[in-house]
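Peer 1: got a predicted model here, sequence first, then my questions.
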Amino acid sequence: MAKTRTILARHLEARAKIWPDITNQMLWDRTERDGFATVPRAMPLIMSIMDDMSGKGFPVGQTFFEMWCRLYDEMFLTLNRPEEMAFFAGFSGQRAGRTWRDRVKRLADLGFIDVKSGPLGDLSYAIFLNPYHVIKRAYLKGDVFEDKYRALVFRMNEIGATDLDDIDDEGNMILPPDEEEEAEPKPKPKLKIAGGRRKRALKL
């Protein structure tokens, strides 16, 4: 935390020297304004990889980002404003809704989100999964360009993200040690018969 404050102080000092006439009121400061969402620093590159995975002519990154900006920390979204979401994602005209639905389904097919049906039809609810995990599994299958995956690894190192380490080289989730212990099946008690009565004894 102290290091972060030091870097911020240096940046503020440099900014004041380069733009002495700019005041904080003229800037879009999230600490003083409302309406912000948390955005991963690697999001632009992640969106580019998403578009590649979806196929030429069917970009999904902007649709993902529009929905992401509506999320809170529970990572769950009710898709109850499809027309509005389509417009904000850049789709217009008579085919806007249909195009938006296609992009959402593609995101689900690629594994970036999971959708459930409900009162709004087959696209009523969505949960957002860790995109790093999805991208690594796709990379292991050869579905991600080498240069972009290498750039993602380098960018993650810059920002201190370690999410790719959650997935092993077989595409499986690596559980933390405490969860691995919980996942191991406990030995079932064996029944012993003594004196005509059943007694329960744990196998040690």
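Peer 2: Cool, got the structure.
Peer 1: name the strands paired with the longest strand anywhere in the chain and say parallel or antiparallel.
Peer 2: As far as residue count goes, and with DSSP state E defining each element, the longest strand of the chain is strand 121-128. In its sheet, strand 121-128 lies beside strand 76-78 (antiparallel), strand 113-118 (antiparallel), with partners assigned from DSSP bridges.
Peer 1: mind listing what the residue nearest to the spatial centre of the chain touches?
Peer 2: With distances taken as C-alpha atoms, centre = their mean, the chain has N130 as the residue nearest its mean C-alpha position (3.3 Å). N130 makes contacts with 163, 166, as judged by C-beta atoms under 8 Å, 6 or more residues apart in numbering. For the C-beta atoms, the positions are set from N, CA and C on the backbone; glycine is no exception.
Peer 1: return the per-residue confidence for the residue lying closest to I159 once chain neighbours are set aside.
Peer 2: The shortest distance from I159 to any non-neighbouring residue, by C-beta to C-beta, 6 or more residues apart in numbering, is to R41 (4.6 Å). At R41 the predicted local distance difference test score is 97.
Peer 1: any regions of this structure where pLDDT drops low?
Peer 2: Across the chain, residues meeting the criterion (pLDDT under 70) sit at 1-4, 179-204.
Peer 1: which helix or strand lies directly C-terminal to the longest helix seen in the chain?
Peer 2: Taking DSSP state H as the assignment, the helix of the chain that covers the most residues is helix 2-18. Secondary structure here is assigned by DSSP states H and E; on that basis, the next helix or strand after helix 2-18 toward the C-terminus is helix 43-54.
Peer 1: in that next one, which residues are buried?
Peer 2: Within helix 43-54, the residues that qualify as buried are 45-54, counting by 16 or more other C-beta atoms under 10 Å.
Peer 1: will you turn those residues into CSV that also has distance to D21?
Peer 2: As requested, the buried residues of helix 43-54 are exported to CSV (distance: C-beta to C-beta, whole Å):
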residue, distance to D21
L45, 34
I46, 36
M47, 34
S48, 36
I49, 40
M50, 40
D51, 39
D52, 42
M53, 45
S54, 44
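Peer 1: can you tell me which of the residues you listed lies nearest to E74?
Peer 2: Of all the buried residues of helix 43-54, the one with the least separation from E74 (C-beta to C-beta) is I46, at 20.2 Å.
Peer 1: residue contacts, the residue nearest to that closest one when sequence neighbours are not counted?
Peer 2: Closest residue to I46 apart from its sequence neighbours, by C-beta to C-beta, 6+ apart: P131 at 5.1 Å. If a contact means C-beta under 8 Å, 6+ apart, then P131 has 46, 50, 112 as its contacts.
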